[in-house]
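>>> Test case, fold it:
(2 chains)
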Amino acid sequence: MSRYKSPAARRYLIRMAILMSLYMVTLFVAVYAFRHHLVAGALAWPLAILPALPVIGVFWAVMRLLVEEPDEFLRMLLVRQALIATGFCLTVTTIWEFLQNFDLVPPGNGGFGAAFFWFMGLGVGAIYNRLTVGTAGTCA
Amino acid sequence: MNNRLKVLRAERDWSQQDLADRLAVSRQSVNAIETGKYDPSLPLAFRISELFDLPIETIFVSPSKD
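Got it, this is the predicted structure:
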């Protein structure tokens, strides 16, 4: 493993830890409130959106790393990773949508939305980087 | 892009990590440049050139002359 860890990479790890903790808390609160019928009406909307905010924060954290990382090679790896993740996510969700359109799979996604496949795509991108350039990059 | 980075580094008895530290980049960057998997930007190429006190064209081989 390399000793190199830029301040940007450290900030990314701290941001991810905070956002993941927030996600766990907000998801728990939302699931608990809906299961026990504690919310209804207008309040239900912001509560339902609440767990999405830390996930959106993760997108922001990845993009900030892209801007803040001073090592140009690691930046390039991250760009490739994000592009592969985007392509992977769009491919999976498009295929899934057409399968639903023709009633070959049930409606809904069982909680596995676009974000899930984008994060999975980051993993695919890291593997691609590893295979082609020999290293996965910072955001692996 | 082919280059003499590995030779120049060996002449100074530097590891990839030593060179990375001197250039303020990751060891992966040095490895990728040395093995020709990544071409450095012009600013980084100048930093390498200034570190070894050699002109860029004596470190990196022009693809048209390769």
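
>>> For the longest helix along chain B, buried residues please.
Ranked by residue count under DSSP state H, the longest helix found in chain B is helix B:42-52. Using 16 or more other C-beta atoms under 10 Å in any protein chain shown as the test for burial, helix B:42-52 gives B:44-45, B:47-49, B:52. For every residue, glycine as well, the C-beta is placed using N, CA and C.

>>> mind listing the helices for chain B?
B:5-11, B:16-23, B:27-34, B:42-52, B:56-59.

>>> hmm, back to that, can you give the contact residues for the longest helix of chain B?
For helix B:42-52, contacts defined as C-beta atoms under 8 Å, 6 or more residues apart in numbering or on different chains pick out A:72, B:5, B:8, B:19, B:22-23, B:25, B:33, B:40, B:55-56, B:59-60.

>>> Farthest-apart pair in the residues you listed, please.
For those, the maximum inter-member distance is 21.4 Å, found between A:Glu72 and B:Pro55 (C-beta to C-beta).

>>> In contact with the most centrally placed residue in chain A: list those residues for me.
What sits nearest the mean C-alpha location of chain A, by C-alpha atoms, centre = their mean, is A:Phe119, with 4.1 Å. A:Phe119 makes contact with A:58, A:85, according to C-beta under 8 Å, 6+ apart.

>>> And A:Gly87, by the same measure?
A:Gly121.

>>> re the thing from before, off-centre distance for the longest helix of chain B?
Centre-to-centre, helix B:42-52 and its host chain are 8 Å apart (C-alpha atoms, centre = their mean, to the nearest Å).

>>> ok, now stretch A:128-139?
With C-alpha atoms, centre = their mean as the basis, stretch A:128-139 stands 19 Å off its chain's centre.
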